[in-house]
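>>> fold the following for me, if possible:
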Amino acid sequence: MKWQLGVTLVELIITIIVLGVAIAGVVGAFSVISGRSADPLNQTRAITLSQLYMDEILTRYYDESTPVGGGKVPSGDVDCTTAGPDGETRPTYDDADDYDGLSDSPPKDGEGNDLSGYGGFAVTVAVACAGSEVGVAEQEAKRIDITITDPSGQDWLFTAYRANF
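Below is the predicted model:
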């Protein structure tokens with residue numbers, strides 16, 4: 001008797017079903033992975049964006065009453081009740097609390113021009129006296145909170161303190 005080599009129709013159908021289930025599982029895993037691939041990119045871009053804003057804010061005077069050339073502001077002269085711009089526009093902000101309430105969507109540079117490559121991002125800034133949070137008198141430090149909202153809607157909060165010196 002002569003042996004025939006090959007597979008039966010039943011074996012072939014079972015193989016096709018097993019391969020189909022395996023491929024469906026692999027494709028499903030890839031779709032989850034590819035859907036989350038933007039998260040690290042958005043996080044990196046949010047960090048870069050917050051650093052741009054933070055650098056800009058921290059280079060400004062501590063308070064409106066800071067002496068020309070810098071220096072410590074007497075505690076009694078620091079106004080912790082009214083933050084926000086004192087009639088200035090973004091290019092002429094001169095002290096840290098001018099940025100309180102700033103909201104940019106899309107993000108802008110210090111001159112008020114849109115930053116390229118940050119479409120879909122939004123930036124909000126809050127500045128408040130917060131010396132007690134760092135162990136000094138309330139008027140001696142300001143907390144700067146920058147919230148970056150990425151295109152997926154996730155918020156990233158970045159905080160720094162500006163001391164009166």
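>>> drop to CA atoms for contacts and neighbour counts, all remaining ones
OK.
>>> identify the single longest helix in this protein, thanks.
Criterion DSSP state H: the longest helix present in the chain is helix 9-35.
>>> may I ask which helix or strand encompasses Ala126?
strand 122-129 (DSSP states H and E).
>>> which element follows the longest helix of the chain toward the C-terminus?
From helix 9-35 onward toward the C-terminus, using DSSP H and E, the following helix or strand is helix 38-58.
>>> just the buried residues of that following helix, please?
Neighbour counts using 16 or more other C-alpha atoms under 10 Å place 42-43, 45-46, 49-50, 53-54, 57-58 of helix 38-58 among the buried residues.
>>> give me the distance from the first helix or strand past it going along the chain to the chain's centre.
Along the chain past helix 38-58, the next helix or strand (assigned with DSSP H and E) turns out to be strand 103-104. On the basis of C-alpha atoms, centre = their mean, to the nearest Å, the separation between the geometric centre of strand 103-104 and that of its chain is 12 Å.
>>> so what does strand 103-104 touch, helix or strand wise?
Using 3 or more C-alpha pairs under 8 Å, 6 or more residues apart in numbering; DSSP states H and E, the elements in contact with strand 103-104 are strand 122-129.
>>> so what strands line up beside the helix or strand just after the strand it packs on?
Toward the C-terminus, strand 122-129 is succeeded by strand 141-149 as the next helix or strand (DSSP H and E). Strand pairing for strand 141-149, using DSSP bridges, gives strand 122-129 (antiparallel), strand 155-163 (antiparallel).
>>> which of those strands is buried the deepest?
For those, the stretch with the most neighbours on average is strand 122-129, a mean of 22; neighbours defined as mean count of other C-alpha atoms under 10 Å.
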